[in-house]
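> What follows is a predicted protein model with its sequence.
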Amino acid sequence: MHVYLSNTIKKLLSKQDIIPLKKEQCLKNESYYFQIYVENREVRELSLQIQSSLDIIPYEIVWKKGNYELNKKTDDWYIQTPDDTYPDLLVKLSDTVSLEGKDKTLFFEIPAKEKQAGIYDIEIAIGQETVAFQLEVLDESLAKNDLLITHWIYADCVCNYYGVQPFTKEFYAIYDRFLKSYVKLGNNMVFVPVFTPPLDTDVGLERLTTQLVKVKKEGGRYAFNFDKVKEYIDFVKSYGIEYFEFSHLFTQWGGKCAPKIIVEENGQEVKAFGWDTLSDDEEYLRFLKEYLQALNVFVEKEGIKENCYMHLTDEPRKEHIEKYEKLSAFVKEYNGGIKIIDAISNYDIVEKELVSL
């Protein structure tokens, strides 16, 4: 058995991917990571010992089978393995390492909490094999990030995987773990599913309903209850989230239709809008007008309006510019100035200033 230190720039698919540590440095409030590649052909359990005055958290990197067929058109930058398994899942270790007769990678984290400047010795022993290096903590700190960083967490995926109902105590107990990692990795904006996201869904199909806002139709008008939206926003704020992006008002790739929206009518909850509702449907636009006005009142009351953004449609293409322009103009007329952002690959839409810059 042999062990090798490596930085974390690359996933270690094999020994050839190792990038040796050199002059290792970090700032006082910055996380630092490194890996150890264990070249092994035996089945056994070995002790894991960490010698350092720094807090160091060890993980095992577990290989997981991919369940999504890769695009066969690839370039040199794709990460691929013959059997479609990849080093992916981090599992915390205690004081032992189990070896199963094949190579293994261990991952180590030095948390971002404040550290004293200086040079620290780090020594890791796996059984009788030892590696060591020095980490210099510079006498500087990372400034507060002024970028908006977001990655969409789909609430319905959490519910489907763990078998919980949306936005219940059980849901938030699980979501807690996601948010802790999410914020630790530098994210400061969260997707808010005011309506069930019309994303990554084939035409005619739909996601599990994860609609935070309660809608009631009475006398031809719509009333909105944002209590669940507030509960969700208050929850994520408690983890340090500062910015909020509200779910898409139109379907993906051009905004042809309305998202699934559940409305209470005559004491019954019904799907009032969806794939059979065109985005410029008169009733849907009337609904949107009342929703946007109510949303504006809500975010102003909560004091978060300047930190709020909303989506129209995900990835509109060049042929959708005219439709996007009309939808954008309508929303801007009634949303009280809430900023609009979208994932856009066509720069013509940006040049027309149809999204907030």
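Done, it's in.
> how about the nearest residue to the most centrally placed residue in the chain, chain neighbours excluded?
A centroid search over the chain (C-alpha atoms, centre = their mean) returns residue 151, at 3.1 Å, as the residue closest to the centre. Spatial nearest neighbour of residue 151, excluding adjacent residues (C-beta to C-beta, 6 or more residues apart in numbering): residue 187 at 6.0 Å. Quick note: C-beta positions are derived from backbone N, CA and C, even for glycine.
> can you give me the helices in the protein?
For the chain, the helices defined by DSSP state H occupy 155-162, 169-184, 227-237, 282-302, 321-334, 347-351.
> between these, which one is nearest to residue 138?
Closest to residue 138 of the helices of the chain, according to C-beta to C-beta: helix 169-184, at 20.8 Å.
> What lies in contact with that closest one?
Under the criterion C-beta atoms under 8 Å, 6 or more residues apart in numbering, residues 31, 112, 151, 153, 155, 158-159, 162, 164-165, 190, 235-236, 239-241 lie in contact with helix 169-184.
> of the residues you listed, closest to residue 125?
The nearest member of the contacts of helix 169-184 to residue 125, counting by C-beta to C-beta, is residue 31 at 23.0 Å.
> which of the residues in stretch 169-187 are buried?
171, 175, 179, 182, 187 (16 or more other C-beta atoms under 10 Å).
> quick revisit: need the helices of the chain in a markdown table with mean pLDDT, can you?
Formatted as a markdown table, the helices of the chain follow (pLDDT from 0 to 100):
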| stretch | mean pLDDT |
| --- | --- |
| helix 155-162 | 97 |
| helix 169-184 | 96 |
| helix 227-237 | 98 |
| helix 282-302 | 98 |
| helix 321-334 | 94 |
| helix 347-351 | 83 |
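> Buried ones in stretch 34-49, by neighbour count?
34, 35, 36, 37, 38, 40, 46, 48.
> right, I mislabeled it, should have said stretch 17-26
In stretch 17-26, counting by 16+ other C-beta under 10 Å, buried: 17, 18, 21, 24, 26.
> now the fourth one, which residues is it bridged with?
With DSSP bridges as the criterion, residue 24 is bridged to residue 135.
> where's it relative to residue 148, distance?
Per C-beta to C-beta, to the nearest Å, residue 24 is found 30 Å from residue 148.
> same question, the first one
Relative to residue 148, residue 17 is positioned 32 Å away (C-beta to C-beta).
> Next: the third one.
Computed with C-beta to C-beta, the distance linking residue 21 and residue 148 is 33 Å.
> again, but for the last one
Going from residue 26 to residue 148 by C-beta to C-beta gives 24 Å.
> wait, what's in contact with residue 337?
Residues in contact with residue 337 (C-beta under 8 Å, 6+ apart) are 296, 305.
> how does it look with 10 Å?
Shown in contact with residue 337 (C-beta atoms under 10 Å, 6 or more residues apart in numbering): 296, 305, 306, 308, 356.
> cool, and residue 102?
Contacts of residue 102 by C-beta under 10 Å, 6+ apart are 38, 39, 40, 41, 42, 43, 63.
> Give the buried residues for the lowest-mean-pLDDT helix or strand in the chain.
Least confident helix or strand of the chain, by mean pLDDT, DSSP states H and E, is helix 347-351 with a mean of 83. Of the residues in helix 347-351, residue 349 count as buried by neighbour count, 16+ other C-beta under 10 Å.
> Perfect, that will be all.
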